[in-house]
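can't give you the sequence, but here's the structure:
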């Protein structure tokens, strides 16, 4: 998250700061000689340096376009970081946002998390977390008080999942202190579960829902950052002579353990971390994604850590995981350096059926993309993919490997923003407000930085958590992300239309949300591989529905679904550009749970 591998001078002068930055960059594997980078494709243009451009960056023309609809959305939520001249470390990391259909009307609603200043019991400006209901006309209404989810503490992250399989998504808050589980009553309100067993009482960052033991109930992986207390003395980082602090580097924060919480099925959770074989205490956790990375039908875990190895846990299918962190090659960059991982995602980017692993990192590093050929060993292919040079300058947070133009090839989107707003005062290089980046998948293993996805991208922002999904149900991926001490950004996708199909999967023997389901979309001459994931991005929750772009095709031959239970479903020649609701085949003698009121019935069962 902060400067890597260097302990700052506690009375750092501007000159020393500049020297320190040079030394860090000179010794970092992320600061590569541009002449060693692979050549760029023809048909690209160079844009003058400015607030929204990396100096010397090359860009590609692209059909990907977004419109900033924040101003007219009715969303008045404003994030509070709690940042102060004392630079309390947790206040640098921001918060996330969740997309969920909490009332079952077929429209994605938005839940925003917020932090606050220290000490936490002091009065402050924070308005707390807020829930906004999607009206379906491009506007949202604040229903926080009515729904009973107005938590007003220090909340970095939020996850959404149906923990009791009743068809209504519940909310889980990752806090500094005790975490909170809000169970959806199904009538537009939530109740906070007392003594849920999921409190953790740590400094949690992100969480991912998954059914790791295959019992049909959603469990939780909770990523925790480190051990920090307001009541303990803190070292002075910055320029003491001028009384200007900066945030200290993460090496000064001891990492803390993470949690794997097993759903007991009675509304409570139990700590199963050690029993599952993944109790580690060497990761400052910031992002986590649950997905089947080796195509064995079992859901695995990939965790982005700050200045520590990224964890990779492969599910054995017996309630335990194999910890392949040290041997996978996905724990570090190509040079074996641990980078400042924040956001994370998993997706098949090249069409071979095996998903790549993606992590966003700190400035003077680069966003890392790891590829595998067997689901166990990974190689850093960031340079070959063409994303090293254009991701060196910014500090990356929320992210997604989503098909933003529905051509059948997942693209990359990264929300950026520095941690320190007083870099100029300290004589440091860098910009606090940084542009949001999109890389378009060319389909040949390389990505092009998109030149101008819209006016919003021409200026910088201080982004943190980001959620991805179809807010307006028009068949493309929209984006909402949290901005430090500011309104969120609501970006509607206005790329030219292409073919798509949306799958709303309903588990019966599997968990209701079908997290862990694998989908193959068979076209003429090509098969697309997608899956229903848990977690992803940073501190946020994405659209639980599976939207799959298929490009300019006239038909889909079939869709094949492998449910987490192992059962299979097939859709023959499903209609394009519509939602298909598919219920897992019901085992003999049982039936699916109740449908939430107002659920769309425009698909096939």
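Okay, I see it. From a predicted model like this one, the values you see are computed outputs, not experimental measurements.

show me where the stretch 501-605 of the chain has strands.
Along the stretch 501-605 of the chain, counting by DSSP state E, counting those that start in this stretch, strands occupy 518-523, 526-531, 534-535, 546-551, 558-562, 568-572, 579-583.

got a markdown table for the ones you listed, with distance to residue 201, mean pLDDT and mean neighbour count too?
In short, each C-beta sits where N, CA and C put it, glycine included. Shown next, in a markdown table, are the strands of the stretch 501-605 of the chain (distance: least, C-beta to C-beta, whole Å; pLDDT from 0 to 100; neighbours: other C-beta atoms under 10 Å):
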| stretch | distance to residue 201 | mean pLDDT | mean neighbour count |
| --- | --- | --- | --- |
| strand 518-523 | 35 | 98 | 19 |
| strand 526-531 | 32 | 98 | 18 |
| strand 534-535 | 21 | 98 | 31 |
| strand 546-551 | 35 | 97 | 21 |
| strand 558-562 | 38 | 98 | 18 |
| strand 568-572 | 41 | 97 | 14 |
| strand 579-583 | 39 | 98 | 20 |
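
any low-confidence regions in the protein?
1-61, 587-605 (pLDDT under 70).

any chance you could map the helices in it?
Along the chain, counting by DSSP state H, helices occupy 14-27, 144-147, 325-328, 382-385.

quick revisit: who wins for proximity to residue 462 among the strands of the stretch 501-605 of the chain?
Proximity to residue 462 (C-beta to C-beta) singles out strand 534-535 among the strands of the stretch 501-605 of the chain, at 22.9 Å.

contacts for that closest one?
The contact list for strand 534-535 (C-beta atoms under 8 Å, 6 or more residues apart in numbering) reads 159, 161, 206-210, 218, 221, 287-291, 299, 344, 515-516, 541.

tell me which of those fall in strands.
159, 161, 206-210, 221, 287-291, 344 (DSSP state E).

including neighbour count, could these go into a markdown table?
As requested, the ones in strands among the contacts of strand 534-535 are arranged in a markdown table below (neighbours: other C-beta atoms under 10 Å):
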| residue | neighbour count |
| --- | --- |
| 159 | 29 |
| 161 | 28 |
| 206 | 34 |
| 207 | 32 |
| 208 | 29 |
| 209 | 27 |
| 210 | 26 |
| 221 | 28 |
| 287 | 33 |
| 288 | 30 |
| 289 | 29 |
| 290 | 31 |
| 291 | 25 |
| 344 | 29 |
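
which pair of those spans the longest distance?
Greatest spacing in these, by C-beta to C-beta: 161 and 344 (17.4 Å).

separation between residue 177 and residue 144?
20 Å (C-beta to C-beta, to the nearest Å).

ok, these two, which is more surrounded?
residue 144 (20 against 15; other C-beta atoms under 10 Å).

contact partners for that one?
Counting by C-beta under 8 Å, 6+ apart, residue 144 touches 128, 129, 130, 131, 150.

swap the cut-off to 10 Å and go again
Applying C-beta atoms under 10 Å, 6 or more residues apart in numbering, we find residue 144 in contact with 77, 111, 112, 127, 128, 129, 130, 131, 132, 133, 150, 151.

show me which of those residues are buried.
Buried subset of those (neighbour count, 16 or more other C-beta atoms under 10 Å): 77, 111, 112, 127, 128, 129, 130, 131, 132, 133, 151.

export the residues you listed to TSV and tack on distance to residue 253?
As requested, the buried ones among the contacts of residue 144 are exported to TSV (distance: C-beta to C-beta, whole Å):
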residue	distance to residue 253
77	28
111	28
112	26
127	28
128	26
129	24
130	29
131	31
132	33
133	38
151	24
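
show me which of the residues you listed is closest to residue 493.
residue 132 (19.0 Å).

ok, the closest one touching residue 103?
No. Applying C-beta atoms under 10 Å as the test, residue 132 and residue 103 come out as separate, 11.6 Å apart.

mutual contacts of these two, please.
Counting by C-beta under 10 Å, 6+ apart, the residues touching both residue 132 and residue 103 are 109, 143.

coming back round to it: got JSON lines for the strands of the stretch 501-605 of the chain, with distance to residue 250 too?
Shown next, in JSON lines, are these (distance: least, C-beta to C-beta, whole Å):
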{"stretch": "strand 518-523", "distance to residue 250": "35"}
{"stretch": "strand 526-531", "distance to residue 250": "31"}
{"stretch": "strand 534-535", "distance to residue 250": "21"}
{"stretch": "strand 546-551", "distance to residue 250": "35"}
{"stretch": "strand 558-562", "distance to residue 250": "39"}
{"stretch": "strand 568-572", "distance to residue 250": "45"}
{"stretch": "strand 579-583", "distance to residue 250": "43"}
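
nearest to residue 469, out of these?
Of the strands of the stretch 501-605 of the chain, nearest to residue 469 by C-beta to C-beta is strand 546-551, at 7.7 Å.

the closest one pairs with which strands, parallel or anti?
Using DSSP bridges, strand 546-551 pairs in its sheet with strand 499-506 (antiparallel).

what's near enough to touch the closest residue to residue 531 other than its chain neighbours?
Excluding the flanking residues, the one nearest residue 531 by C-beta to C-beta, 6 or more residues apart in numbering is residue 518, at 4.8 Å. For residue 518, the contacting residues are 291-292, 295, 297, 299, 353, 529-532, 560-564, 568, by C-beta under 10 Å, 6+ apart.
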